[in-house]
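>>> this one's structure only:
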């Protein structure tokens, strides 16, 4: 009886071994990586839908989409490194009606998007494409909204990468938004007709935007919160509000950008933002070419600000910028300081404006070695309770060289005020301050003190004017030792 039991045991064991072997073979066959998938819009490709293809593709694989429109019933979630390659920005369209997003990447590694349009149609404030992580390489893509959605492309968290030669259009928020701690380089993109802005860097994001065109948006390019961005050679023109804005405690550079024909300012630096603004062209804007507002301590150097409705460069509130070697022509005011603004303006060219440099309210800037010539009213004007110092400026061939009115009390030292139609230097109303060692020649009046003004005049040279120094009877200046000679009518007329 024992022999049969022993003889059948091996036979019984054969069946499970065969099952395990077959299962292993089957598993081995099913686990082979799927590295390439081709789709067609009519479902005739390797898989019937994009969502199914994303499920099946292996990490590092490529999904190629033929021409046509791929209409999604739900957002596409991608959590592994893949490439989506379309037939061209106008050929392959991925469209969805959703309140979340059309495509979202939340994986590690590389996510490549090329040659397609992602488009949202109705449904809330969704982003068209959202990137939560990984490293992106997007090119020749369009992120198109329906005018009421959120951002076209939203890159957040710790994502990084490049976006090149893409379009973001008709989005209800920002065309391309870089947020969180994302680090992105944006180059040669076009962001048009987005409601809030073309490009935005926010939170603690960092990046570079170079050679992009941002027009027809609310704002062209915005940098806010604690973001840091370098903006180079972009065109931010014909936006409803401002071309480029840095605000909050943002930082970075704006170099060689074209910011023209915007509704408000060409470039605005606000709050405590610290920015170097250099070599930009800001013309024909609805307010200022470049505006500094808030507590900002920034630098504007070698910019051209022409034909703006208000100021070439305007400084308000408690702004304290450094303005160097800018050219401000054909504006209402070339450079202005209002409110409590301070800062310095040196070696700037302010010509063809109504006023070359205007200092008002309680502002107290330092103005040095500027050329404020051929303006229709004043080379430099002080009003309100303004003060500060103007030293070694050329204020010639204006209607008046330097005008000081209201209760302003500036220090005027070693300025050249020549060939002005009216006055070289004029003090009026209740103005005070000092005029020391200035040269006033070939004007109607070298220095004219009127109203109840009480300045100190010392060491000035007034020659070849109609009158060297004229003091009205109501004024009470302190006349020190001034050199007034060769004036046509009289050298000094004191009517007190």
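The structure has been received and is ready for your questions. Just so it is clear, the model here is predicted, and its values are computed rather than measured.

>>> bridging residues for residue 229?
residue 207, residue 252 (DSSP bridges).

>>> for it, give its distance to residue 65.
32 Å (CB to CB, to the nearest Å). Every residue, glycine included, has its C-beta placed from N, CA and C.

>>> and the two? Which one has more around it.
Remark: of residue 229 and residue 65, residue 229 carries more neighbours, 29 against 24, as counted by other CB atoms under 10 Å.

>>> hey, where'd the helices end up in the chain?
For the chain, the helices defined by DSSP state H occupy 2-30, 50-56.

>>> which positions within the last one qualify as buried?
Within helix 50-56, the residues that qualify as buried by neighbour count (16 or more other CB atoms under 10 Å) are 50-51, 53-54.

>>> what of stretch 366-384?
367-375, 377-384.

>>> average pLDDT for that stretch?
Here stretch 366-384 scores 98 as its mean pLDDT.

>>> comparing the helices of the chain, which gets the lowest mean pLDDT score?
Across these, helix 2-30 gives the lowest mean pLDDT, at a mean of 35.

>>> which residues touch residue 240?
216-219, 262-263 (CB atoms under 8 Å, 6 or more residues apart in numbering).

>>> just put these in TSV and tack on neighbour count.
Conversion of those to TSV gives the following (neighbours: other CB atoms under 10 Å):
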residue	neighbour count
216	17
217	31
218	18
219	25
262	30
263	15
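
>>> any chance of those residues in a markdown table, with distance to residue 147 and pLDDT too?
A markdown table is the format used below for the contacts of residue 240 (distance: CB to CB, whole Å; pLDDT from 0 to 100):
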| residue | distance to residue 147 | pLDDT |
| --- | --- | --- |
| 216 | 12 | 98 |
| 217 | 12 | 98 |
| 218 | 12 | 98 |
| 219 | 17 | 98 |
| 262 | 21 | 98 |
| 263 | 19 | 98 |
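
>>> with those in mind, which one is nearest to residue 113?
residue 217 (22.2 Å; CB to CB).

>>> my read: that closest one touches residue 191, true?
Yes. Contact criterion CB atoms under 8 Å: residue 217 and residue 191 qualify, at 6.5 Å.

>>> what do the two both touch?
175, 197-198.

>>> now residue 112: closest residue in space that isn't a chain neighbour?
residue 83 (3.7 Å; CB to CB, 6 or more residues apart in numbering).

>>> burial count for that neighbour?
Residue 83: 17 neighbours (other CB under 10 Å).

>>> could you list every residue that touches it?
Applying CB under 8 Å, 6+ apart to residue 83 gives the contacts 61-63, 110-114.

>>> neighbour count for the shared contacts of residue 217 and residue 191 - can I get that in a markdown table?
Output for these, formatted as a markdown table (neighbours: other CB under 10 Å):
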| residue | neighbour count |
| --- | --- |
| 175 | 35 |
| 197 | 27 |
| 198 | 34 |
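
>>> so where is the stretch 1-150 of the chain shaky, pLDDT-wise?
1-31, 123 (pLDDT under 70).

>>> can we see that at 80?
Scanning the stretch 1-150 of the chain for pLDDT under 80 picks out the ranges 1-31, 122-124.

>>> any chance you could map the strands in it?
Assigned by DSSP state E, counting those that start in this stretch, the strands in the stretch 1-150 of the chain fall at 36-39, 62-65, 68-72, 76-78, 82-85, 92-96, 101-105, 110-120, 127-131, 135-144.

>>> just put those strands in JSON lines and tack on distance to residue 358.
Output for those, formatted as JSON lines (distance: least, CB to CB, whole Å):
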{"stretch": "strand 36-39", "distance to residue 358": "63"}
{"stretch": "strand 62-65", "distance to residue 358": "59"}
{"stretch": "strand 68-72", "distance to residue 358": "57"}
{"stretch": "strand 76-78", "distance to residue 358": "56"}
{"stretch": "strand 82-85", "distance to residue 358": "55"}
{"stretch": "strand 92-96", "distance to residue 358": "53"}
{"stretch": "strand 101-105", "distance to residue 358": "49"}
{"stretch": "strand 110-120", "distance to residue 358": "48"}
{"stretch": "strand 127-131", "distance to residue 358": "44"}
{"stretch": "strand 135-144", "distance to residue 358": "44"}
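
>>> single out the most deeply packed of those.
The highest mean neighbour count among these, using mean count of other CB atoms under 10 Å, belongs to strand 127-131: a mean of 27.

>>> contacting residues around that one?
101-105, 111, 113, 118-120, 143-145, 149-156, 159, 161, 171, 177, 182.

>>> at 6 Å what do you get?
101-105, 118, 120, 143, 150-155, 159 (CB atoms under 6 Å, 6 or more residues apart in numbering).

>>> follow-up on the earlier one: ok, which of the strands of the stretch 1-150 of the chain comes nearest residue 300?
Here strand 135-144 is closest among the strands of the stretch 1-150 of the chain (CB to CB), at 32.9 Å.

>>> name the helices or strands packed onto that closest one?
Identification of packing neighbours for strand 135-144 by 3 or more CB pairs under 6 Å, 6 or more residues apart in numbering; DSSP states H and E yields strand 110-120, strand 160-164, strand 167-169.

>>> if we go to 8 Å?
Identification of packing neighbours for strand 135-144 by 3 or more CB pairs under 8 Å, 6 or more residues apart in numbering; DSSP states H and E yields strand 110-120, strand 127-131, strand 153-155, strand 160-164, strand 167-169.

>>> what angle separates the second one from strand 92-96?
To tie it back to what came earlier, the one meant is strand 127-131. 100 degrees (axes from the mean of the first three to the mean of the last three CA atoms, to 10 degrees).

>>> okay, now the domains of this structure?
With automatic domain parsing as the criterion, the domains of the chain are listed as 34-224, 395-496.

>>> residue 118 touches residue 103, doesn't it?
Yes. Here residue 118 reaches residue 103: they are 5.8 Å apart, a contact under CB under 8 Å.

>>> mutual contacts of these two, please.
With CB under 8 Å, 6+ apart, residue 118 and residue 103 have common neighbours 94, 128-129.

>>> find the residue at the geometric middle of the protein.
A centroid search over the chain (CA atoms, centre = their mean) returns residue 244, at 2.4 Å, as the residue closest to the centre.

>>> that one contacts residue 235, correct?
No. If you go by CB under 8 Å, residue 244 and residue 235 don't touch, sitting 10.5 Å apart.

>>> any common contacting residues for these two?
Here residue 244 and residue 235 share the contacting residues residue 257, scored by CB under 8 Å, 6+ apart.

>>> for residue 291, name its beta-bridge partners.
For residue 291, the beta-bridge partners under DSSP bridges are residue 268, residue 314.

>>> that one against residue 262, yeah?
No. Between residue 291 and residue 262 there is no contact under CB under 8 Å: 11.1 Å.

>>> so what's residue 468 closest to, chain neighbours aside?
In space, residue 468 is closest to residue 484, 3.1 Å off (CB to CB, 6+ apart).

>>> got the contact list for residue 330?
So residue 330 contacts 306-307, 352-353 (CB under 8 Å, 6+ apart).

>>> beta-bridge partners for residue 479, please?
Bridge pairing for residue 479 - DSSP bridges - gives residue 457.

>>> that one and residue 212, how far apart?
Taken as CB to CB, the span from residue 479 to residue 212 is 60 Å.

>>> looking at those two, which one has more neighbours?
Taking other CB under 10 Å, residue 479 and residue 212 do not tie; residue 212 has more neighbours (27 against 17).
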